[in-house]
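> build me a structure from this.
(one chain, ligands or ions: 1)
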Amino acid sequence: MEILVAKTAGYCFGVSRAVNKVFELLNDGVDNIYTLGPVIHNEQVIKKLKQSGVKVAEKIHDIEENGHVIIRAHGVGPEVYKELEEKGIRFSDATCPYVKRIHKLIMEEKDRCDVLVIVGDKNHPEVIGINGWCDNSAYIIDDPSQVDDMPSHFENVCVFAQTTITSEKWEKIIQKLKNKFKNVKRFDTICSATAKRQEEAAEIASNVDMMVVIGSTNSSNTRKLYEICKACCPLTYQVETSYELPEVDVKKIKKIGITAGASTPDWIIKEVIEKMSEYKAYDEQQGGKEMQSFEELLDKSFENSCDSLSTGDIVKGRIQSYKGSEILVDLGCKYDGVIPLSEFTDDPDFNIQTDLNIGEEIEVFVVRVNDAEGKVTLSKKRVDSIKGWDLLEEAFNSKQPVKIKISEIVNGGAVGRYRGIRVFVPASQISDKYVSDLNEFLNKVINVRIIDINKQKKKVVGSHKVILKEEKEKVENEFWSNIEVGKKYRGVVKSLSDFGAFIDLGGVDGLLHVSELAWGRVKHPSELIKVGDVIEVSVIDFDKDKKKISLTYKKPEDNPWNITEAKYKTGDVVKAKVVRMTPFGAFVELDTGVDGLVHISQISNVRIPRPEAVLSIGQEVEAKIIEMNAEAKKISLSIKEVSPIDPQPKSEEKTQ
Ligand code: F3S
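Just a heads-up that it's a prediction; the model follows:
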C-alpha cells in the first residue's frame, strides 16, 4: 500500500503565522489572551487554545480591559483598530501580509476610481475587513450575474479579489465587468497558496484509489478541497481527526492520498498518517506489499514543510515565474520563495522576461523566512558566490580555465565576474599581443586561468594570455605532427614582401616564395595575391626544428614543361624572347614559364664579351633547340646555328 501526502497540506503561511502568534504569547506568559473571532476554522485547535486559556471574542465589547487581543489572519477594518485604541486594549496584529496588501491597495484606489468592487463572499470576515478600508463603499460580488445589478454609469472600475476565490470565478467576473464598463482596473490579489493546494490535491486524487481530506467541516477551504478531490476520486473522505478515518478494504485500496485544508495543524495530519499504519499492519497480514514506515511517511510529508527553513540554509527550488523584478521560486513546500533580481544575477544584460529559465532547478540561499511581507526571501547570488569560491580554488589548483564576462575596464586591467565573484585580469595578462585599447574586451566572454586567489582578501587574478599561449602551442604541436611534403592547406595571406608572402596555415606561418607563386615570371606577389586572401598552397619543404615551411601556389597540372615536352623536340627552330641575361648566356622564353638558355658561345660566330653586347631584353630571336630535358627543366638553344648575331663595329656603335 502506498500513501501520498500533499506537500501543500495544512496551514498556509498566513494561518501558520497567526496560530504561532497565539502560542508565542502563551509561551511569553501573557494573560487574558483573546482572539477576535476564531483564529482558525478548526475545532481541535480552538479546543486546545481554550484549554490553555485563550478566549474567543466575537466583538470588542466582549473583551476585558486588561485583555490582549490577537487580530487573526483574515484582518479587520480600520474601525476595529480605532476602537481597540480608544479602549486602551492591547493587541497583536496577525493579519496575513497578503490581506494587509489589499487593505493598502483599496485605500489608495478609493479616490481614484468611480467604484470599487470586491469579488468574494460578503459575509466572510476577510471581505468585511477589506471593505472597511474603503469606508464600506465597495460592491461585493460573488457571481458574474451580480454584475448585471450594478448601475451602468460608472466609467472607472477597480476590482479586488478575496484571497481565496478561484481564478475561474475571478476571470469570469472580470470579463463581465469589462463588457459593461469602460475602464476596468484589476488587482490580482488571489493568494497562490489556495490554488497550489487545490491543484496538488486534484493531481493526487486523480492517481489514488482513496483520498482523505483532513479539516473541519466549518472550514470553507476544506469543503472546497473535498469537492475537488471527490470529482477526481469517488472514494474521497473528509475527516476532522484520525478517529473519523473509514475502514479500508486493503484488497482494493492500494494507493491512498492525503491532503488537508489551510486550517489543519500538522499534528492532526501526523495523527492521521499514524492511524494509517494500522492499515499497513493489516495489509501485510494479508500478504500485501510492505508499506513505508510511519516515520518515513512523516519525514516525506514534512520534509518540505518550510518550517525547518532558517536564514543561512541552502536549499533547492524551481524557478516558477517572475513578477516585476522578483523571481518566484517553488521551494516544494507551502510558501513561495522570492529572489529579488538584484540577488539573482550581476549580469547587467540579464533580461528577466527573456533570459529566465522557467522550470530550472536552482540552489538558493535563505536570506529571511516569513519576513514582514510574508515571503521566504532568497538569494541565488550568495549560493553562486559560496560555490564560486570553491570552484575558483579548484580551478586555481587544477589550472582549469574558467569563463568570465568582462564587465568593466579599470586602471591597469579589466574586471569580469565568475558566479558573482570579481576576477581581475591585468592588462599584461589579457592577450598574447599588445592591446592598445582594453575596451575591445568589454562585454566579451573570455577564458582565464586563475593565477592568484585570496578568499580572505576577496582577490582573484586571472590570465587570458596564458590560455591563448597554450591554445596556440596546442595548435602548433598538432600542426607540426601532421605536416608532410605535398600536403595542401587553405591559408590566409598575412603579409607580402618582394621575396614572397607569408601565409597563415592556421596558427603557423609558411613562406610562399615569389618564384612559387606561378609557373611564369612574377615580379611581385601583389600581382597575384593580396593580404587577407584565402588560397590553397602545398608544402614543398619544412624544417620542424627551425619552424620553417616553404610553400608553393603552383599546381602540377599547370606545369608548362609538360606541354613543352610534347610541343618541341631537339632540332626545332623556335621564336623566343630574351628575358634575362647572365655572364654565361641569355635566357629566352619559349612559352610562359618555359625558359631556355642560349649559351654565350651559341650567340655569335665571333667571340663576344657578354650577351648584352649583341642582345637586349625583350628582343625576339630565332634559335634552334640543341638539347632538351623537360624533367630537369632544361633547354639549350643556339642562335648562331640559325642566324648568328655578330657585334657591330665600334665606330658605328658610336654614331647610332
Ligand atoms: Fe493564507 Fe494569507 Fe493566503 S491567510 S490563504 S496565506 S492570503
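
> not counting sequence-adjacent ones, nearest residue to the residue of the chain found nearest the ligand?
When scored by CB to the nearest ligand atom, the chain has G14 as its residue closest to the ligand, at 2.3 Å. Every C-beta, even on glycine, is put in place using the N, C-alpha and C of the backbone. Spatial nearest neighbour of G14, excluding adjacent residues (CB to CB, 6 or more residues apart in numbering): C96 at 2.8 Å.

> can you name the residues that contact the one you found?
F13, G14, V15, R17, A18, A73, H74, G75, T163, C191, G374 (CB atoms under 8 Å, 6 or more residues apart in numbering).

> can you check S206 too?
Contact analysis of S206 by CB under 8 Å, 6+ apart lists C232, C233.

> again, only this time at 6 Å
Contacts for S206 (CB atoms under 6 Å, 6 or more residues apart in numbering) come out as C232.

> does the residue of the chain closest to the ligand really touch G75, like I thought?
No - counting by CB atoms under 6 Å, G14 does not reach G75; the two are 9.3 Å apart.

> okay, and the nearest residue to I174 once chain neighbours are set aside sits in which element?
Setting aside the residues directly before and after it, I174 is nearest to R186 in space (CB to CB, 6+ apart), at 5.6 Å. Element membership for R186, per DSSP states H and E: strand 183-187.

> what's the helix or strand just after that strand packed up against?
Later in the chain than strand 183-187, the nearest helix or strand by DSSP H and E is helix 192-205. Judged by 3 or more CB pairs under 6 Å, 6 or more residues apart in numbering; DSSP states H and E, the packing partners of helix 192-205 are helix 220-232, strand 255-260.

> show me what the helix or strand following the first one is packed against.
On the C-terminal side of helix 220-232, the closest following helix or strand by DSSP H and E is strand 236-239. Counting contacts by 3+ CB pairs under 6 Å, 6+ apart, strand 236-239 is packed against strand 210-214, helix 220-232.

> try 10 Å this time
strand 210-214, helix 220-232, strand 255-260, helix 266-285 (3 or more CB pairs under 10 Å, 6 or more residues apart in numbering; DSSP states H and E).

> distance between the second one and the chain's centre?
Meaning helix 220-232. 39 Å (CA atoms, centre = their mean, to the nearest Å).

> and it, C-alpha only, in CSV?
The C-alpha trace of helix 220-232 is given here as CSV (Å, rounded to 0.1, in the frame of the first residue of the first chain):
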residue,chain,number,x,y,z
SER,A,220,-14.8,26.6,3.6
ASN,A,221,-11.5,25.9,2.0
THR,A,222,-11.5,22.3,3.3
ARG,A,223,-15.0,21.8,1.9
LYS,A,224,-13.8,23.1,-1.5
LEU,A,225,-10.8,20.8,-1.3
TYR,A,226,-13.1,17.9,-0.6
GLU,A,227,-15.3,18.8,-3.7
ILE,A,228,-12.2,19.0,-5.9
CYS,A,229,-10.9,15.6,-4.7
LYS,A,230,-14.3,13.9,-4.9
ALA,A,231,-14.6,14.9,-8.6
CYS,A,232,-11.2,13.2,-9.3
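
> does that helix reach the ligand?
No - counting by CB under 6 Å from any ligand atom, no contacts exist between helix 220-232 and the ligand, the nearest distance being 7.5 Å.

> next, the buried residues of that helix.
Neighbour-count burial for helix 220-232 flags S220, N221, T222, R223, K224, L225, Y226, I228, C229, K230, C232 (criterion: 16 or more other CB atoms under 10 Å).

> run the angle between it and strand 210-214 for me.
170 degrees (axes from the mean of the first three to the mean of the last three CA atoms, to 10 degrees).

> same deal with the third one?
Angle between the axes of strand 255-260 and strand 210-214 is 20 degrees (criterion: the same axes, to 10 degrees).

> tell me the angle strand 255-260 makes with helix 192-205.
Going by the same axes, to 10 degrees, strand 255-260 is angled at 170 degrees with respect to helix 192-205.

> secondary structure element for the closest residue to V147 other than its chain neighbours?
In space, and not counting its chain neighbours, V147 is closest to K176: 4.2 Å by CB to CB, 6+ apart. Taking DSSP H and E as the definition, one finds K176 inside helix 167-180.

> for that helix, list the C-alpha coordinates in CSV.
Taking Å, rounded to 0.1, in the frame of the first residue of the first chain, the C-alpha atoms of helix 167-180 are listed here in CSV:
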residue,chain,number,x,y,z
SER,A,167,-9.3,32.2,-10.6
GLU,A,168,-12.0,30.8,-12.8
LYS,A,169,-14.6,32.9,-10.9
TRP,A,170,-12.3,35.9,-10.9
GLU,A,171,-11.8,35.8,-14.7
LYS,A,172,-15.5,35.4,-15.4
ILE,A,173,-16.4,38.4,-13.3
ILE,A,174,-13.6,40.5,-14.8
GLN,A,175,-14.9,39.7,-18.3
LYS,A,176,-18.4,40.6,-17.3
LEU,A,177,-17.2,43.9,-15.8
LYS,A,178,-15.1,44.7,-18.9
ASN,A,179,-18.2,44.1,-21.1
LYS,A,180,-20.2,46.6,-19.0
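
> that helix - contacts with which helices or strands?
Using 3+ CB pairs under 10 Å, 6+ apart, the elements in contact with helix 167-180 are strand 115-119, strand 139-141, strand 156-161, strand 183-187, helix 192-205.

> hey, which of those is tucked in deepest?
Most buried of the helices and strands packed on helix 167-180, by mean neighbour count (mean count of other CB atoms under 10 Å): strand 115-119, with a mean of 25.

> give me the sheet partners of it and which way each runs.
Sheet neighbours of strand 115-119, with direction, are listed as strand 139-141 (parallel), strand 156-161 (parallel) (DSSP bridges).

> show me where the stretch 251-400 of the chain has its strands.
Secondary structure of the stretch 251-400 of the chain (DSSP state E, counting those that start in this stretch): strands located at 255-260, 314-323, 326-330, 336-340, 361-368, 376-379.

> pretty sure I3 is in a strand, no?
Yes - the assignment for I3 (DSSP: H, G, I helix; E, B strand; the rest coil) places it in a strand.

> and the helix holding K176, what's buried?
Neighbour-count burial for helix 167-180 [16+ other CB under 10 Å]: K169, W170, K172, I173, I174, K176, L177.

> format those as a markdown table; extra columns: distance to the ligand and pLDDT.
Shown next, in a markdown table, are those (distance: CB to the nearest ligand atom, whole Å; pLDDT from 0 to 100):
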| residue | distance to the ligand | pLDDT |
| --- | --- | --- |
| K169 | 16 | 92 |
| W170 | 14 | 94 |
| K172 | 21 | 95 |
| I173 | 19 | 96 |
| I174 | 19 | 96 |
| K176 | 24 | 95 |
| L177 | 23 | 96 |
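
> could you dump these into JSON lines and include distance to M211?
As requested, these are exported to JSON lines (distance: CB to CB, whole Å):
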{"residue": "K169", "distance to M211": "24"}
{"residue": "W170", "distance to M211": "26"}
{"residue": "K172", "distance to M211": "27"}
{"residue": "I173", "distance to M211": "30"}
{"residue": "I174", "distance to M211": "32"}
{"residue": "K176", "distance to M211": "34"}
{"residue": "L177", "distance to M211": "36"}
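
> ramachandran coordinates for the closest residue to V642 other than its chain neighbours?
In space, V642 comes closest to E622 once its chain neighbours are excluded; the distance is 4.7 Å by CB to CB, 6+ apart. In terms of degrees, to the nearest 10, the main-chain angles of E622 are phi -100, psi 130.
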